[in-house]
Every structure is written in C-alpha cells, then in structure tokens.
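J.: My questions are about this predicted structure, shown below with the sequence.
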Amino acid sequence: MNQQQEKIIPPNRPGEWSIKQIEAVLSRPFPANYLSYLEDKSKAPYVAWYRVNEVLSKYCPGWGWEIKETVFSSDRIYVTGCLSIPSSDGIISRCAKGSEMLKREKWNKQTNQMEILEIAYGDPASNAESKAFRRAAAKFGLGLYLYDKKKRDKYQNQAATNVANAFNGEVVEPKKSPSVTPRLCSQSQLSMLFALGRDYGLSSHEVKEIAYGMGYDSMKNIPMKDIDLISAKISSFVPLNDQEPYKSWSSEDDAISWAVNKLPEMTMAEITKRWRELPSSETKFIDWFNQVKDLIVIPF
C-alpha cells in the first residue's frame, strides 16, 4: 500500500457528491496533529469541534447545524442538535445529544470540606453542543473510529511511525517543549488570547484545544514569538452559529477585512487584488466568501 494516498479533490458545490462518497471521505482517520487528548487517566484522543468544522466545510459544502433541544436537570445540561449535509441523494440529517455537568466539586483547603460550585453557563452549554456536534458528525463517519479502541490504536501506531494515513498531507508530530525554554507568553498575553477567543464565540477550553492542536503541550509553554500565530488561528475560526458572515457586510471594506483575518499568510494588497478581479454581481459577497474559504489552508 502506498504511504501517500491519492489526493482527493473536494466538491465545488452542495449536492455534488452522493452520501456514499461523502461517508467514504469523512470516514478516513485524522492526522496525529489533528487530535486532542482528554485530561484524565485515560488520555483518550478526540477531535475538537473546530476540526470537524474544517473538514465539513471542505468536503460537505452547504452543511448546516441546528440545535433542536436544550434540557436542564439539577446538575446537567443536555443539548440535542442535527447536522444536515446536502448530497446528490438529497439533504441527509443526523442528530445526536451531548451533555455536560453544571456543577463541580472543589476541595476547600481553609474549611477542609468539599464544596459544590456552580459552573458558568457558557462553558457547559458550549461543551454540550460541541459533544452533540461531534457525535452527529461521527454518524456520517467523521472521527467514528475514535470510539473504537482497537481501530484508534491502529491508526495512532501508524501516525507514531509517521506513516501517511488516509487523509491527504503529511502527519505532523506534536511540538515538544524545548529543553531550553525561550521567553514565554506572560499571563496578560494569555488573557488576551482567551479574550480574543470569547470575541469569536470560543470557550476557554476551546482556545486551549486550538493551542494543543497546533502542537503546544501547555498554555504555559507558548513562546512569546508565537502569540501572533495563535491569535491568527483563533481569528480564522467561524463559530458554529455563524456560517454566513457575508450577511453582515455592507461594503467591500467589510469583505476585505474579513478575508484579511482569515488569510494571515496573504498581504492586504494580494487580497484586495483578488477582490477586484472577482466579477461584480448581486452574489459577489457570497462568491467572495466561497473563494476565501477555498484559499484557507487545511492540511488534508
């Protein structure tokens, strides 16, 4: 078997592929650098919601996500959502549920007692939605193998030996903290990263996932020189409930500014040139959105 598989050309429009083709592509394993790991004894791998977002946007144009139900119990929140993907067989929808604790236990050293603390609504709600979103995507095959330990271990072993797996592109090994630590980000700079994440609808946990997904093993070990790189990555993600940003644009400046945030590797002059080369029409904002989306670099 070839170590590098043939590159797959994504569909150009919604409904171009059959559901069978879509499931075949989405069922491929992720590169090692696309996985995050639970912070518990299991250290089980999982794929973050924004990675799912990236893959769907590339291979399932026109996909949609809708929260159908939110239910609270005394200590948990339950979110049910449906993922819809256009195919040549019609729009296929699959739903899933995610839950998250609303309270957590914390040991009080002063009183030597366990306390029950309320968790702010934002993180439990977004985490429950994230779980529902990922599980719905798994019903189309995306990351489904991660729920099967034998298959999961098989692909992890392949990645560990740097064998290219079913996704296009090379497997990128996670970055390790250098033995000689460079000047690290200050607490105020890290706070700015989390604040930027909130501006883009991300929880603190999701900001950490972005950093870990880029190969940093700890927020405390991020070099100061990389702060702009991570900021650009955070800015490149579209919140789950904001898949059509062009609806808020009122001028070409809005469209170009949005593209500048999405394409940090390109200059303003290059982006402006591309905008002006795009034919004028009633759908120019939408055409621009789709063109920029195609230019965003995804490594598989």
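T.: Received it, and whenever you're ready, just let me know what you need.
J.: May I ask you to confirm that Ile92 belongs to a helix?
T.: No. Looking at Ile92 with DSSP: H, G, I helix; E, B strand; the rest coil, it is strand, so not inside a helix.
J.: Compute the distance from the centre of the helix or strand that contains Ile22 to the centre of its chain.
T.: Using DSSP states H and E, Ile22 sits within helix 19-26. With CA atoms, centre = their mean, to the nearest Å as the basis, helix 19-26 stands 20 Å off its chain's centre.
J.: give me every residue that touches the nearest residue to Ser87 once chain neighbours are set aside.
T.: Take Ser87 and drop its neighbours on the chain: the residue closest to it by CB to CB, 6 or more residues apart in numbering is Ile19, 4.4 Å away. Any C-beta I mention is one placed from the backbone N, CA and C, and that applies to glycine too. Shown in contact with Ile19 (CB atoms under 8 Å, 6 or more residues apart in numbering): 85, 87-89, 92.
J.: Among those, which ones are in strands?
T.: Per DSSP state E, strands hold the following members of the contacts of Ile19: 85, 87, 92.
J.: Can you name the residues that contact the first one?
T.: If you count contacts by CB under 8 Å, 6+ apart, Ile85 has them with 19, 22, 56, 60, 62-63, 91-93, 140.
J.: got it, and Val71?
T.: Taking CB under 8 Å, 6+ apart, one finds 77-78, 80 in contact with Val71.
J.: Out of those residues, the closest to Ser27 would be?
T.: Of all the contacts of Val71, Ser27 sits closest to Thr80, with 23.6 Å by CB to CB.
J.: what about that closest one, helix or strand, and which?
T.: strand 76-87.
J.: Kindly report the same for Leu193.
T.: Per DSSP H and E: helix 187-199 holds Leu193.
J.: Show me what that helix is packed up against.
T.: Judged by 3 or more CB pairs under 8 Å, 6 or more residues apart in numbering; DSSP states H and E, helix 187-199 is in contact with helix 204-213, helix 227-235.
J.: and among those helices, the most buried is which?
T.: Ranked by mean neighbour count, the helices and strands packed on helix 187-199 are led by helix 204-213 with a mean of 19 (mean count of other CB atoms under 10 Å).
J.: now it against helix 187-199, angle please.
T.: 110 degrees (axes from the mean of the first three to the mean of the last three CA atoms, to 10 degrees).
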